[in-house]
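>>> take a look and give me a structure for this.
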Amino acid sequence: MDHYVTGPAIRQLRERRGLTQAALAELLDVSPKTVSKWETAKGLPDISLLDPLASALGVSVLELMSGHTVENRNVSGNLLRSQFYCCPVCGNIVHMMGSAVVSCCGIALPPLEAEEVDEAHAVTVEEVEDERLITVHHEMTKSHFISFLAYVTTDRLHLVKLYPEGEAQCRLQIRGRGYLYLYCVRHGLMKQKL
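This is a model prediction of the structure:
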């Protein structure tokens, strides 16, 4: 890991909670001298104390380790900053409107990095009534297929799950400018501006 709990972070979080070193020590069943050593960088908390320490300080373990608290504010979201995550074990697809720490099946998932659509994954778009038929010219075998298609604009997300031995196509109501994302189980996430 790049980060571990720092003394200044423990002190700042402790003071923010209005706790003395002795009060924090009592909550964790350690001596006040131990807390003092942590805060002056003369020692580090044992890994078994991270969860109780984070709880006592009112933060998550991730916040404690990074030294940055997360404020839960309603910030204007933009779907164009979408991040997709795909579990290699169960195939679960997770969408977030920005960066996040995501895990599935006990595995921490990195965000998928989208490349531009290449010739091997060519997309055609046909107008059909009030929708558009999106077709990816790609095989759909059990070991090599398109797992999902998603159309993302600033205010909408339309995600369609696809399955092996089916067709790599779907119908979408496309309104406004946005990006079409497709996920190939072998070649990863790709996108194309529509």
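>>> what sits closest to residue 184 if chain neighbours are left out?
Once flanking residues are discounted, residue 184 sits nearest to residue 146: 5.7 Å by Cβ to Cβ, 6 or more residues apart in numbering. Every C-beta, even on glycine, is put in place using the N, C-alpha and C of the backbone.
>>> swap that for residue 88, sorry
Per Cβ to Cβ, 6+ apart, closest to residue 88 is residue 107, 7.1 Å.
>>> try residue 112
residue 189 (3.9 Å).
>>> and the helix or strand that neighbour falls within, what does it pack onto?
Assessed by DSSP states H and E, residue 189 sits inside strand 188-193. Packing partners of strand 188-193 (3 or more Cβ pairs under 8 Å, 6 or more residues apart in numbering; DSSP states H and E): strand 115-116, strand 179-184.
>>> give me the residues contacting the longest one.
Among residues not part of strand 179-184, those counted as contacts by Cβ atoms under 8 Å, 6 or more residues apart in numbering are 80, 82, 84, 86, 93, 112, 114, 117, 121, 123, 134, 136, 138, 144-152, 189-194.
>>> outline the domain layout of this protein.
For the chain, the structural domains run 7-66, 79-193, going by automatic domain parsing.
>>> mind telling me what element the residue at the greatest distance from the centre of the chain is part of?
Taking Cα atoms, centre = their mean, the residue of the chain most remote from its mean C-alpha position is residue 33, at 38.4 Å. Using DSSP H and E, residue 33 falls within helix 32-39.
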